[in-house]
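**Q** coordinates for the following, if possible.
(one chain, ligands or ions: 1)
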Amino acid sequence: MPKFLKKTFALITILFFLYLSITKIAAYVVDKDFNRVTLKPPYTISEKALTLYNKLPFVADLHSDVLLWNRDITKRHSHGHEDIPRMIEANMALQAFTIVSKTPKNMNFKGNDDKTDNITTLMIATGRPPATWFSLKERAIQQSKELYDFSSASQGKLRVITNQQELEIYIEDRKSNKNQTAGYLGVEGMQVLEGDLANVQAMFNAGIRMMAPTHFFDNKIGGSAHGMKKGGITPFGKEVIQKMESLHMIVDLAHASPALIDDVLKIATRAILVSHTGVKGTCNNVRNLSDAHIKGIARTGGLIGIAVFEQAVCGTNAAATAKAIKYTTDLVGVKHVAMGTDFDGAIPAHFDVTGFPLIVEELLKLGYSNADIAAIMGGNIRDFMLKNLPE
Ligand SMILES: [Zn+2]
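**A** Sure, this is the predicted structure:
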């Protein structure tokens, strides 16, 4: 090899490894900074709540954005809200891993357009493949692939669930082996379809089983609660919902504008859920559900996932989340309420996943029976998925 070629080759190799180490550091710094907790573990929990919690047959959560940060979830970390070791310690049976593809700069709850994006920089900084730097669809496919990779590397500790049968087998298996957890894939914002109906099938093929029409800005499907126009469903959006229903993909109305929620409730023929929300009844802001929408979603046989951060529940602890749970169960009954934390969703969460028993502590104070607590903490999600995932 000529000398100059050797030198060029050496330079490229050095630059490549430099990029790899920078992306590792960048991923860690950004992840740690964005996903803080209000209350640090270990948590002080009463004997009664902890005993009940550890006996719960199925603890589940409808929303976590942990895949976004390129955190190796097969390992235990002291930052962020969860990873497989902490999920197993927390008796977590099923986590929805939701994919974020694009968020506006100066993101706010009132009005955002789609002209800017934070996630392009994040994809580059965290060392994701170049295809993800330019395509929202590729960002979804890449994050799905990463969950499957974590599953393969987990030595049987993490399963990806895509249908009813897999869930049934897992539930049976977990009775004798609690040293495992599971997840299913969702999407926050159907801009990942890039305006092409055929991409609903592409998302399904990537393992995705739940999709929310909008995230922080209006898109080709409809209006966001935080968009500029906050409109209803578009003709393309209607086709997308029909296609999703035909594949038994779950529609998630988190972040949808009120007009979009109305429109989807009108056309939906299958159960709907809201993966991470608060309720106006305890925390009145544009992010949260009205009583009419809570009732509308419950009528579909749906679920309301209550979150664990300040803007959702107007408080920074488990008591605030429990208050929103109580308001919702009083309105539509215990069967329609679940946990929808928004772990690792660039929020300061009340606690990390090992603090889940704090919710049980608060539900006990509010007078819920053990059976109702089991339903709210995950039984309802299990039953919903057994019914609504593809067969
Ligand atoms: Zn969200």
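
**Q** for the residue most central in space within the chain, give its distance to residue 147.
**A** Nearest residue to the geometric centre of the chain (Cα atoms, centre = their mean): residue 63, 2.5 Å. Separation of residue 63 from residue 147 (Cβ to Cβ, to the nearest Å) stands at 14 Å. Any C-beta I mention is one placed from the backbone N, CA and C, and that applies to glycine too.

**Q** do residue 313 as well
**A** 28 Å.

**Q** and for residue 155, the neighbour number?
**A** Residue 155 is flanked by 11 other residues according to other Cβ atoms under 10 Å.

**Q** let's have the chain start at 682 instead
**A** Okay, residue one is now 682; in that scheme the one you just asked about reads as residue 836.

**Q** so how far is residue 824 from it?
**A** Going from residue 836 to residue 824 by Cβ to Cβ gives 22 Å.

**Q** kindly report the same for residue 731.
**A** Distance, residue 731 to residue 824, by Cβ to Cβ: 33 Å.

**Q** of these two, which one has the most company?
**A** With neighbours defined as other Cβ under 10 Å, residue 731 and residue 824 compare such that residue 824 has more, 27 against 16.

**Q** off-centre distance for the helix or strand the more buried one falls within?
**A** Using DSSP states H and E, residue 824 sits within helix 817-834. On the basis of Cα atoms, centre = their mean, to the nearest Å, helix 817-834 sits 14 Å off its chain's mean C-alpha point.

**Q** and if you look at stretch 938-945?
**A** When distances are taken as Cα atoms, centre = their mean, stretch 938-945 is centred 20 Å away from the chain's centroid.

**Q** only C-alpha atoms, please: export that stretch in PDB.
**A** Presented in PDB, the C-alpha positions along stretch 938-945 are these (Å, rounded to 0.1, in the frame of the first residue of the first chain):
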ATOM      1  CA  SER A 938     -56.100  17.400  19.400                       C
ATOM      2  CA  PRO A 939     -59.700  17.400  20.900                       C
ATOM      3  CA  ALA A 940     -61.100  17.600  17.300                       C
ATOM      4  CA  LEU A 941     -59.000  14.500  16.300                       C
ATOM      5  CA  ILE A 942     -60.100  12.600  19.400                       C
ATOM      6  CA  ASP A 943     -63.700  13.300  18.400                       C
ATOM      7  CA  ASP A 944     -63.200  12.200  14.800                       C
ATOM      8  CA  VAL A 945     -61.300   9.000  15.700                       C
END
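
**Q** which parts of that stretch are buried?
**A** Neighbour counts over stretch 938-945 (16 or more other Cβ atoms under 10 Å) mark 938, 939, 940, 941, 942, 944, 945 as buried.

**Q** save these as JSON lines, and put in distance to residue 763 and secondary structure too.
**A** Listed next are the buried residues of stretch 938-945 as JSON lines, based on distance: Cβ to Cβ, whole Å; DSSP: H, G, I helix; E, B strand; the rest coil:
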{"residue": "938", "distance to residue 763": "29", "secondary structure": "coil"}
{"residue": "939", "distance to residue 763": "31", "secondary structure": "helix"}
{"residue": "940", "distance to residue 763": "34", "secondary structure": "helix"}
{"residue": "941", "distance to residue 763": "29", "secondary structure": "helix"}
{"residue": "942", "distance to residue 763": "28", "secondary structure": "helix"}
{"residue": "944", "distance to residue 763": "34", "secondary structure": "helix"}
{"residue": "945", "distance to residue 763": "29", "secondary structure": "helix"}
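
**Q** which of those sits closest to residue 989?
**A** residue 942 (22.1 Å; Cβ to Cβ).

**Q** quick check: that closest one touching residue 936?
**A** No - in this structure residue 942 lies outside contact range of residue 936 using Cβ atoms under 8 Å: 10.2 Å.
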